[in-house]
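S.K.: Fold the stuff below for me.
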Amino acid sequence: MLQWLPLVGAEPDPAPGLETTVAERAAVQAALDRLPAGYRVPLVLYVYEERTVAEIGEILGLSKSAVKMRLSRAREKFRRAYGQEKDPCQ
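M.R.: Numbering: from 1, shown residues only. This is a model prediction of the structure:
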């Protein structure tokens, strides 16, 4: 299961057992940096800033269905980018 980690530089209180290392945060940031802005922005707004689909649509000028599609595609692209970051053989 994919676990969302805080962005580099963000220092919220970690939930018990979910402390992250600097390397993990850097890997998350590197994976996010690989995403095109059209996918990165909605994903960060949804996951990190906890915005609703409707709010994201209003901010970006997109319909709710377009936001949902971008989030779905962004998650998949993030999984691939994060997997590449964690696997030095790729």
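
S.K.: From here on, just use CA atoms for contacts and neighbour counts.
M.R.: OK.

S.K.: can you map out the helices along this structure?
M.R.: Counting by DSSP state H, one finds helices in the chain at the ranges 22-34, 37-47, 53-60, 64-86.

S.K.: how near is the spatially closest residue to Ala66 that is not a sequence neighbour to Arg80?
M.R.: Spatial nearest neighbour of Ala66, excluding adjacent residues (C-alpha to C-alpha, 6 or more residues apart in numbering): Gly57 at 7.9 Å. Distance from Gly57 to Arg80, counting by C-alpha to C-alpha, to the nearest Å: 25 Å.

S.K.: Please say which of the two ends up with more neighbours.
M.R.: Each of Gly57 and Arg80 had its neighbours counted (other C-alpha atoms under 10 Å), and the higher figure belongs to Gly57 (18 against 13).

S.K.: Cross-check the contact I'm expecting between the more buried one and Ser63.
M.R.: Yes: counting by C-alpha atoms under 8 Å, Gly57 touches Ser63, with 5.5 Å between them.

S.K.: Who are the contact partners of Tyr39?
M.R.: Residues in contact with Tyr39 (C-alpha atoms under 8 Å, 6 or more residues apart in numbering) are 70-71, 73-74.
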